[in-house]
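Engineer: Structure, please.
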Amino acid sequence: MPSQRSKRLRKKLYLDEFAVFGFVISLKLNTESDEELDAFIESLADFAESRHLLVGGGGMSDIELVIGSALRYGSATEQDRKSIKEWIEERNEVELLKLGPLVDLHQLEFVD
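Structural biologist: Numbers count the residues shown, from 1 in each chain. Alright, predicted model coming up:
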């Protein structure tokens, strides 16, 4: 049986009630130049920032991004997921969108 951690330690480790949630999106873009790709990513980042979210990740035409709260102990919400999805679906540059569920961002594992 795991030992109980103090509230201070749970907060420091972002566990339990201090877990930070976000989501992963995968995009396939049909941009024709690096400038169009940069403009799309900048527009997405600006929109995310307007919702107090941060965007991280990368790629060229196949992009994987992680979106989470810009606030220290904040989390992305279902409303954030919905807003980002709607914003992306309105864009002509996007061929394919895969939107993941809200997950604990500290539990994500990435493979090279």
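Engineer: Tell me the bridge partners for the spatially most central residue of the chain.
Structural biologist: In the chain, the C-alpha nearest the mean C-alpha coordinate belongs to Ile67, at 1.3 Å (CA atoms, centre = their mean). Assessed by DSSP bridges, Ile67 has beta-bridge partners Phe23, Val55.
Engineer: Surely Val24 is in contact with Leu105?
Structural biologist: No - the criterion here is CB atoms under 8 Å, and Val24 misses it with Leu105 at 9.3 Å. C-beta here means a position set from N, CA and C on the backbone, and glycine is covered the same way.
Engineer: list the residues that contact both of the two?
Structural biologist: Val66 (CB atoms under 8 Å, 6 or more residues apart in numbering).
Engineer: Surely the residue nearest to the centre of the chain touches Ser26?
Structural biologist: No - using CB under 8 Å, Ile67 makes no contact with Ser26, being 11.8 Å away.
Engineer: hang on, the earlier thing: which ones are touching the residue nearest to the centre of the chain?
Structural biologist: Gly22, Phe23, Val24, Ile25, Ala48, Leu53, Leu54, Val55, Ala76, Asp80, Ile84.
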